[in-house]
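K.L.:
this one's sequence-less:
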């Protein structure tokens with residue numbers, strides 16, 4: 001089946017718009033969508049600029065954002081001095097798991113806040129305690145998600161390997 005370039009552009013705009021509405025800046029959001037639909041998940045700065053019709057400076061800023069959150073990585077383009085940007089495998093999963101450490105820090109800082117606010121007997125302390133409970137629950141569910149994802153990823157990998165073997 002041939003790739004539908006107009007459909008790809010709609011996908012990039014729609015998914016990028018969703019990411020933008022979720023809090024991501026516009027260009028990194030569109031770039032992430034473009035990486036997801038790119039056949040090999042690897043693009044040079046020039047390819048990104050051409051695909052998204054933006055300046056090289058805009059590409060630099062957008063790639064920095066996606067690198068910082070661990071969704072893409074930069075590596076040397078083979079045989080040249082140029083860099084390529086590559087979509088990180090398990091990008092969403094890895095990003096969520098990095099959030100686990102941030103959630104733990106939230107718990108710790110909120111717990112410190114309870115003490116600073118005068119303990120659980122204060123309104124502020126009670127409000128902070130509820131926030132701690134929320135982060136504990138969220139981390140618990142992330143742990144369960146990790147186990148479920150590992151099992152699903154293994155199953156999908158085996159299914160794709162079997163499909164490749166049949167097509168070979």
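P.N.:
Nice, I can see it. Values in this document were obtained by computation on a predicted structure and should not be read as measured data. Numbering: from 1, shown residues only.

K.L.:
For residue 125, which residues are in contact?
P.N.:
By C-beta atoms under 8 Å, 6 or more residues apart in numbering, residue 125 lies in contact with 114, 117, 118, 119. All C-beta atoms are positioned from the backbone trio N, CA, C, and that covers glycine.

K.L.:
Kindly indicate the member of these with the most neighbours.
P.N.:
residue 114 (19 neighbours; other C-beta atoms under 10 Å).

K.L.:
Quickly find the element holding it.
P.N.:
Using DSSP states H and E, residue 114 maps to helix 91-116.

K.L.:
And the strands in this structure?
P.N.:
Listed in chain order, the strands of the chain (DSSP state E) span 42-44, 72-76, 83-87.

K.L.:
Now tabulate those strands in JSON lines and tack on distance to residue 108.
P.N.:
Listed next are the strands of the chain as JSON lines, based on distance: least, C-beta to C-beta, whole Å:
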{"stretch": "strand 42-44", "distance to residue 108": "38"}
{"stretch": "strand 72-76", "distance to residue 108": "29"}
{"stretch": "strand 83-87", "distance to residue 108": "32"}
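
K.L.:
out of those, nearest to residue 50?
P.N.:
strand 42-44 (9.2 Å; C-beta to C-beta).

K.L.:
Would you agree residue 84 is in contact with residue 48?
P.N.:
No - between residue 84 and residue 48 there is no contact under C-beta atoms under 8 Å: 9.9 Å.

K.L.:
From the neighbour counts alone, determine which of those two ranks first.
P.N.:
Legend: neighbour count by other C-beta under 10 Å for residue 84 and residue 48, higher for residue 48 (24 against 19).

K.L.:
Next up, phi/psi of the residue of the chain most remote from its centre, please.
P.N.:
Distance from the C-alpha centroid of the chain, by C-alpha atoms, centre = their mean, peaks at residue 121 (39.4 Å). In terms of degrees, to the nearest 10, the main-chain angles of residue 121 are phi -80, psi -10.

K.L.:
residues touching it, list them.
P.N.:
Contacts of residue 121 by C-beta under 8 Å, 6+ apart: none found.
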